[in-house]
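>>> return a 3D structure for these sequence lines:
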Amino acid sequence: MNRTPHQEKIIRNYYQNRDVIGLQKASEAVTDLYLSEGKKRETVWKRLASHLEKIGVSEKQIEDLRAADDPAAVAKLLEKYSG
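Model prediction:
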């Protein structure tokens, strides 16, 4: 597939900033977690777990956070990754 130089630059920038994008999406999911309940909350947790994996959080840590079901704990963890 032939890509223009502009397309190549967009793709390269995406992969260079993938961790920052994951952190931003995880932060947005934490906000949704505060506001959701029931089945919606489970959906948000699935999305959040995916974003946490992308920024390098271990599966064990994600499982522990999910078991605690505490948005504040997730927010505190994200502060460590953003700092």
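>>> residues contacting Gln7?
Listed by CB atoms under 8 Å, 6 or more residues apart in numbering, Gln7 has no contact partners. In this view, the C-beta of every residue, glycine as well, is placed from N, C-alpha and C.
>>> what helix or strand does it sit in?
Using DSSP states H and E, Gln7 falls within helix 5-16.
>>> all helices for this structure, in order.
Taking DSSP state H as the criterion, the chain contains helices spanning 5-16, 18-35, 39-54, 59-68, 71-82.
>>> let me know the pLDDT of Ala29.
Per-residue confidence (pLDDT) for Ala29: 96.
>>> residues near it, how many?
Ala29 has 22 neighbours, counted by other CB atoms under 10 Å.
>>> check the gap between it and Arg66 for me.
12 Å (CB to CB, to the nearest Å).
>>> what does Leu52 give?
Taken as CB to CB, the span from Leu52 to Arg66 is 10 Å.
>>> the more surrounded of those two?
Taking other CB under 10 Å, Leu52 and Arg66 do not tie; Leu52 has more neighbours (26 against 16).
>>> flag every buried residue along stretch 24-37.
Using 16 or more other CB atoms under 10 Å as the test for burial, stretch 24-37 gives Lys25, Ala26, Ser27, Ala29, Val30, Asp32, Leu33, Ser36.
>>> what's in contact with stretch 26-46?
Contacts of stretch 26-46 (CB under 8 Å, 6+ apart): Arg47, Leu48, His51, Leu52, Ile55, Arg66, Asp69, Pro71, Val74, Ala75, Leu78.
>>> how about the first one: what's its closest non-neighbour residue?
Put plainly, it is Arg47. In this structure, Arg47 finds its nearest non-sequential neighbour in Ala29, 5.3 Å apart by CB to CB, 6 or more residues apart in numbering.
>>> swap in the third one?
The spatially closest residue to His51, leaving aside those adjacent along the chain, is Ala26, at 3.9 Å (CB to CB, 6+ apart).
>>> and what of the fourth one?
If you skip the residues right next to it in sequence, Leu52 has Ile62 as its closest partner in space, 5.2 Å away by CB to CB, 6+ apart.
>>> what sits against that neighbour?
Ala49, Leu52, Glu53.
>>> can we see that at 10 Å?
By CB atoms under 10 Å, 6 or more residues apart in numbering, Ile62 lies in contact with Trp45, Leu48, Ala49, Ser50, His51, Leu52, Glu53, Val74, Leu77.
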